[in-house]
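Trainee: no sequence for this one, just the structure:
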């Protein structure tokens with residue numbers, strides 16, 4: 001199964017502006033932006049059949065192929081592009097390895113919907129799976145204590161938090177940075 005590249009909607013200039021160090025407090029740690037680069041992480045996109053109030057729909061769940069962390073992408077923003085001479089990070093996990101994360105995320109989503117709507121969302125089968133490379137902007141900073149980084153979703157513009165940090169640490173180790 002060939003992997004597609006998701007098109008980055010956030011430009012490098014926008015990423016640099018969003019990732020530029022900001023001093024919010026007088027005592028906040030000083031850091032200097034050293035470099036911003038785009039990396040593509042391997043993901044599996046799963047389309048999962050759901051049923052709510054008698055209506056069948058598709059729930060899209062993305063699971064990274066590094067650590068197996070499931071997220072819910074904003075699918076209306078996902079567009080694909082051709083990449084030549086790209087050397088992406090390899091898929092470390094197989095599709096069968098991440099399927100439990102898909103159903104776990106779907107069950108969590110079903111519980112949230114059930115609590116909010118007082119009616120359960122039924123989870124069905126996986127209808128379709130696609131291998132993709134998803135773009136992120138990585139900002140590297142130097143501080144008085146050493147180096148650090150921050151990742152920005154290159155599609156939505158969201159700063160990545162603690163949940164994804166372990167994925168990026170593993171990727172940086174793979175890349176030898």
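Mentor: Looks like it arrived, so ask away. On a predicted model such as this, the values are computed, not experimentally measured, just so you know. Numbering: from 1, shown residues only.

Trainee: burial of residue 71, as a residue count?
Mentor: Using other Cβ atoms under 10 Å, residue 71 has 17 neighbouring residues. In short, each C-beta sits where N, CA and C put it, glycine included.

Trainee: doesn't residue 60 make contact with it?
Mentor: No: look at residue 71 against residue 60 with Cβ atoms under 8 Å: they stay out of range, at 10.0 Å.

Trainee: Parallel or antiparallel, list what pairs with the worst-scoring helix or strand of the chain on mean pLDDT.
Mentor: None of the helices or strands of the chain scores lower by mean pLDDT, DSSP states H and E than strand 80-81, at a mean of 82. Strand 80-81 has the following sheet partners, assigned by DSSP bridges: strand 4-6 (antiparallel).

Trainee: can you list the residues that contact the helix or strand following the partner strand?
Mentor: Sequence order places helix 12-19 as the next helix or strand after strand 4-6, per DSSP states H and E. Contacting residues not belonging to helix 12-19 are listed as 10, 33, 36, 38, 137, 139, 150, 152, 154, 157, 159 [Cβ atoms under 8 Å, 6 or more residues apart in numbering].

Trainee: Name the next helix or strand downstream of helix 12-19, please.
Mentor: strand 31-52.

Trainee: so what strands line up beside that following strand?
Mentor: Sheet pairing of strand 31-52 (DSSP bridges) gives strand 55-64 (antiparallel), strand 122-143 (antiparallel).
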